[in-house]
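A.B. asks: Predicted model and sequence below, questions to follow.
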Amino acid sequence: ARGAFLRWIFFGPMSVEPSLFWKALGLFDSDLGYHPYAPLETVVEVLEGAVTGKHFVVDDRFTAADVVLGSTIFWGTELIGALPKRPALVDYWARLEQRPAWHVVRSTMSPAQ
């Protein structure tokens, strides 16, 4: 489980977030000559595969990897709207949103969030 945990805890900040920013800034369509990040569509497909058919991403138990991926999905879909709301991602977030700790975090967020 350690390998899966390490993969998914870093996937959000090291793959999803940079691809979201590169897409938002139009850098994938630029003439830079290189693309250090995978296209957002590819990253979303990998993310979908990680959460499809499982309750959580590591051995079907809640870990910090779920916190990282879940928060990335939340801000990517709900707060900035740059991450597509694919059914697998929406379902995964709905499971995480039911956790009691999320209600504590949500109550501390300003109404605009």
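C.D. replies: Ah, there it is.

A.B. asks: Against Leu96, how distant is Thr63?
C.D. replies: 12 Å (C-beta to C-beta, to the nearest Å). C-betas here are computed from N, CA, C, even on glycine.

A.B. asks: who has more neighbours, the two?
C.D. replies: Between Thr63 and Leu96, counted using other C-beta atoms under 10 Å, the more crowded position is Leu96 (20 against 17).

A.B. asks: What lies in contact with the host helix or strand of that one?
C.D. replies: For Leu96, the host element (DSSP states H and E) is helix 87-97. Outside helix 87-97, the residues that touch it by C-beta atoms under 8 Å, 6 or more residues apart in numbering are 44, 47-48, 51-52, 55-56, 66, 69-70, 73-74, 77, 83, 102.

A.B. asks: Let me know the closest of those residues to Ala24.
C.D. replies: Leu83 (10.4 Å; C-beta to C-beta).

A.B. asks: separation between Trp75 and Glu17?
C.D. replies: Taking C-beta to C-beta, one finds Trp75 at 9 Å from Glu17.

A.B. asks: What ranges in this protein fall below the confidence cut-off?
C.D. replies: 103-107, 109-113 (pLDDT under 70).

A.B. asks: residue ranges for the helices of the protein, please.
C.D. replies: Per DSSP state H, the chain carries helices over the ranges 2-11, 17-24, 40-51, 64-74, 87-97, 100-108.

A.B. asks: you'd agree Ala1 is up against Val58?
C.D. replies: Yes - look at Ala1 against Val58 with C-beta atoms under 8 Å: they come within range, at 5.5 Å.

A.B. asks: So which of these two has more stuff around it?
C.D. replies: Neighbours were counted for Ala1 and for Val58 using other C-beta under 10 Å; Val58 has more, 21 against 10.

A.B. asks: Contact partners for the more buried one?
C.D. replies: Contacts for Val58 (C-beta under 8 Å, 6+ apart) come out as 1, 4-5, 8, 65-66.
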